[in-house]
Structures are given as C-alpha cells and as structure tokens.
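Participant: give the three-dimensional model of this entry:
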Amino acid sequence: MAKAGDRKSIFITGAASGMGLETARLFSQGGWFVGGYDVNKEGLAALETELGSDNCVVRSLNVTDRADYKNALAEFSEATGGKLDLLFNNAGIGKGGFFDEMPFEDVMAVVNVNLIGVLNGIHLAVDLLKATPNSLCFTTSSSSATYGMPGIAVYSATKHAVKGLTEALSVELSRFGIRVADTLPGLIDTPLLPDDARENADKERMFRLIPAIEVAKAVWAAYHDTPERLHWFVPKEIGDLDKASALDPEGTRDSVAATGPLAAIIAEAKAAASAAE
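Facilitator: Coordinates of the predicted model:
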C-alpha cells in the first residue's frame with residue numbers, strides 16, 4: 001500500500017467522477033496524498049492510473065455500509081500514519097419526480113446515500129480528524145438546500161439536513177480544533193445531472209452550467225484560503241438565493257411555483273383540479 005509520508009491527506013467519497021474526481025486531481029497536483037472512494041470500480045482504477053499508485057489509495061466503498069466504511073478508514077489511516085487533514089463527504093445520488101409518485105425504495109436510497117452516508121463518514125472519521133491539527137470536515141450540500149426544490153423534494157431534504165449538520169458541527173467540533181464547512185453548488189456539469197437539465201441550462205444567470213472543477217477549487221480554498229467560511233456557494237449567486245429564501249420564504253415559494261422547471265406542470269394540474277370541482 002502507498003504511504004502518505006509527510007504529505008497532507010484527503011479522503012474523498014464519490015471520487016470516480018464529477019466533483020470528487022476533479023477534487024482528487026486538484027489536491028494531487030497540489031502535493032496531497034489522495035484517498036479515492038466510490039462504487040464505480042472502473043472509475044477508481046482510472047483515477048489510480050492517472051494519479052499514480054504512489055500518490056493515492058483507491059477502494060470500492062458504499063457509504064451506506066457502516067462496517068465497510070470503518071474498514072476503509074482504517075486502511076487509509078495505515079497509509080497516513082493515523083492522520084486525516086480533510087474529509088470530503090461528496091458521494092451522492094439524485095432520484096427525482098413528484099414525491100407522491102416516487103417508489104419508496106427510491107426515497108430511501110436518496111436518504112441513505114446523501115444523509116446516512118455523510119453521518120457514517122463523519123462519525124467514523126472524527127477520531128482521525130481530532131488527531132490532525134487544522135483538519136477540515138467538508139461536505140457537499142446543494143443549492144437545493146437554500147429552498148425546498150419541487151421535483152427533487154427528497155434530495156432537497158437531505159441537502160437541507162447536510163447544511164444544518166454542517167452548521168451544528170462547526171460549533172461542536174471546534175472544541176477539538178476541527179473546522180467544518182460545506183459547498184452548495186448550483187447546476188454542476190457531472191454525470192449526476194440529467195441530459196435534459198444539461199441541455200436546458202441557463203447560459204448566463206445563477207443556474208448556468210458550472211464545470212465541476214469550480215467545486216474542487218472551493219474545497220481547496222476552504223482548507224487553504226478562507227478557513228472561517230462556513231458555506232461555499234458555487235456560483236456565488238447561490239448565496240443570494242439563500243438570503244432571499246430566509247427573508248421571504250413565501251415569496252420564494254411563489255416564485256419557484258411560477259417560474260421553476262415544473263411551473264407549467266403544476267399550473268396545468270391546478271387548472272385540471274379546479275375544473276373538476
């Protein structure tokens with residue numbers, strides 16, 4: 001197994017593609033030792049080849065399997081001498097549709113990966129973070145954590161939970177010198193994004209298509225440049241939506257219903273229901 005030596009180390013879930021992959025590349029280029037974890041074994045093999053086997057440890061990991069997660073962290077700890085500078089909880093899945101029409105197994109799959117997986121990671125890694133000066137616990141939330149987004153209600157709920165968890169743990173874990181932050185990306189060009197969303201993306205405004213490397217840059221800056229920042233909005237305009245929804249949740253709701261991607265469907269359904277009365 002490769003060893004980190006004197007290098008700083010980062011443990012990344014969802015590392016085989018998208019934001020996790022770009023983060024692995026960026027930190028490796030910056031001289032860090034990378035732990036890459038995903039359910040995509042082919043993607044992990046490609047990552048190991050790209051970074052070089054002396055610069056990383058890659059391993060298949062389902063973040064919902066607590067026992068397997070514990071073993072993965074133990075193996076990573078052997079490579080780093082019991083240290084972990086940055087835990088990046090990035091693994092996530094997206095299953096959409098109207099909540100009342102979603103199969104419940106899809107509902108629970110989103111909850112288990114996007115929330116339970118994050119809880120597993122932080123709870124199991126906290127001792128390594130405690131043992132590492134200036135460590136950072138960083139998690140991928142979402143712009144859908146600024147206001148509940150119709151069509152992805154369960155996904156949005158899990159990301160709200162991640163945002164709240166980040167805020168609470170930023171206070172709790174400060175007693176050990178552990179920093180805690182998250183990123184709230186908008187429309188990021190990753191394999192998770194449906195083709196229709198990519199094709200219909202805004203060209204200039206808040207929900208324009210953003211390259212995954214921009215999130216990786218936010219992770220880098222969260223550790224190196226602005227350690228006191230709690231929420232990293234990508235792009236920055238997402239922060240305006242966060243403020244607006246906090247100040248006027250009803251107005252934000254009405255705007256989402258009137259102009260969001262499901263606006264036409266919602267209006268048509270309301271009209272049909274009204275006509276049937």
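Participant: so residue 131 versus residue 76, what's the distance?
Facilitator: Between residue 131 and residue 76 the distance is 13 Å, computed by C-beta to C-beta, to the nearest Å. For every residue, glycine as well, the C-beta is placed using N, CA and C.
Participant: these two: which is more packed in?
Facilitator: The neighbour count for residue 131 versus residue 76, taken as other C-beta atoms under 10 Å, is higher for residue 76 (23 against 15).
Participant: for the strand or helix carrying residue 21, buried residues please.
Facilitator: Assigned by DSSP states H and E, residue 21 belongs to helix 18-29. Neighbour-count burial for helix 18-29 flags 18, 19, 20, 21, 22, 23, 24, 25, 26, 27, 28 (criterion: 16 or more other C-beta atoms under 10 Å).
Participant: show me what secondary structure element comes after that helix.
Facilitator: Using DSSP H and E, the helix or strand that follows helix 18-29 in sequence is strand 33-38.
Participant: which ones are touching residue 40?
Facilitator: Residues in contact with residue 40, defined by C-beta atoms under 8 Å, 6 or more residues apart in numbering, are 16, 17.
Participant: could you do residue 64 as well?
Facilitator: Counting by C-beta under 8 Å, 6+ apart, residue 64 touches 112, 113, 116, 117, 120.
Participant: return the subset of these lying in helices.
Facilitator: Under the assignment DSSP state H, the contacts of residue 64 contribute 117, 120 to helices.
Participant: most neighbours of all the contacts of residue 64, which one?
Facilitator: Of the contacts of residue 64, with other C-beta under 10 Å as the count, residue 117 tops at 26 neighbours.
Participant: per-residue pLDDT, it?
Facilitator: With respect to pLDDT, residue 117 has a value of 98.
Participant: please look at it and residue 14 and confirm they touch.
Facilitator: No: the pair formed by residue 117 and residue 14 falls short of the contact definition of C-beta atoms under 8 Å, at 9.2 Å.
Participant: any low-confidence regions in the stretch 51-200 of the chain?
Facilitator: Applying pLDDT under 70 to the stretch 51-200 of the chain flags residues 192-200.
Participant: now the strands for the protein?
Facilitator: Listed in chain order, the strands of the chain (DSSP state E) span 9-13, 33-38, 56-60, 86-89, 136-140, 179-185, 188-189, 210-211, 231-234.
Participant: could you list the paired strands of the first one along with their orientation?
Facilitator: In its sheet, strand 9-13 lies beside strand 33-38 (parallel), strand 86-89 (parallel), with partners assigned from DSSP bridges.
Participant: ok, back up a step: quick check: neighbours shared by residue 131 and residue 76?
Facilitator: Counting by C-beta under 8 Å, 6+ apart, the shared contacts of residue 131 and residue 76 are residue 84.
Participant: what sits against residue 222?
Facilitator: By C-beta under 8 Å, 6+ apart, the neighbours of residue 222 are 136, 138, 181, 183, 229, 232.
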